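Participant: Build me a structure from this.
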Amino acid sequence: MRKPLMLIAAFIVIGILSFTNKSGLKITSSAFTENGMMPTKYSCEGEQVSPPLHISDIPSGAKTLALIMHDPDAPMAGGFTHWVMWNIDVNGDIPENFKGAEQGYNGMKQNGYKGMCPPTGTHHYHFMVYALDTKLELSKSTDKAGLEKAMQGHILATGDLVGLYKKIK
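Facilitator: Numbering: from 1, shown residues only. Below you'll find the predicted structure:
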């Protein structure tokens, strides 16, 4: 009886790992470090332009990249989404103030980047990048949930870079 239970447990662990092991992308920025403070320039107190990002370890089968910048600390249900983008070129570079690719709705129902503006305290900003095996055909009004749904079954690898921000004023 013990051996069949161990076999079942092993299959469950292998199954979970095969579905969740989609890590692999490395995301960096010349503007801030992992879990480091982000410059005011990229916030509502500054120029409100998007920071530069570099993505490496992109799988050879990737056709496009997608990005979601999200603040789970925002004082609203589900947090606040600052940036939704897809069909990003797989060259791995997203320059500062990037206006390319397809940019969907942020939490303000506006297309493009929305700078950090936490009402209180220090917030965590996740730059989640996805390597996809396809180009996506989506409406410009696609939001975070819509992009996540469209990416299902197409994600080859993921990565997450976290930056911190606290208002100065």
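Participant: C-alpha from now on. contacts and neighbour counts both.
Facilitator: OK.
Participant: any idea how far the most centrally placed residue in the chain lies from residue 36?
Facilitator: The structure's the chain has its C-alpha centroid closest to residue 128; by CA atoms, centre = their mean the separation is 1.7 Å. Going from residue 128 to residue 36 by CA to CA, to the nearest Å gives 16 Å.
Participant: And the lowest mean pLDDT element among the helices and strands of this structure?
Facilitator: Every helix and strand in the chain was compared by mean pLDDT, DSSP states H and E; the lowest is helix 2-20, with a mean of 42.
Participant: And the next helix or strand past that one?
Facilitator: Following helix 2-20 in sequence order, the next helix or strand is strand 26-28 (DSSP states H and E).
Participant: Check which helices and strands that following strand is in contact with.
Facilitator: strand 53-56, strand 155-165 (3 or more CA pairs under 8 Å, 6 or more residues apart in numbering; DSSP states H and E).
Participant: Make TSV out of these and add mean pLDDT and distance to residue 89.
Facilitator: Conversion of these to TSV gives the following (pLDDT from 0 to 100; distance: least, CA to CA, whole Å):
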stretch	mean pLDDT	distance to residue 89
strand 53-56	98	11
strand 155-165	98	15
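Participant: what's the most buried one of those strands?
Facilitator: With neighbours taken as mean count of other CA atoms under 10 Å, these reach their highest mean count in strand 155-165, at a mean of 21.
Participant: Which strand or helix spans residue 150?
Facilitator: Using DSSP H and E, residue 150 sits in helix 144-151.
Participant: now that helix: mean pLDDT?
Facilitator: The average pLDDT within helix 144-151 is 98.
Participant: how big is the angle separating that helix from strand 155-165?
Facilitator: Orientation of helix 144-151 against strand 155-165 (axes from the mean of the first three to the mean of the last three CA atoms, to 10 degrees) gives an angle of 160 degrees.
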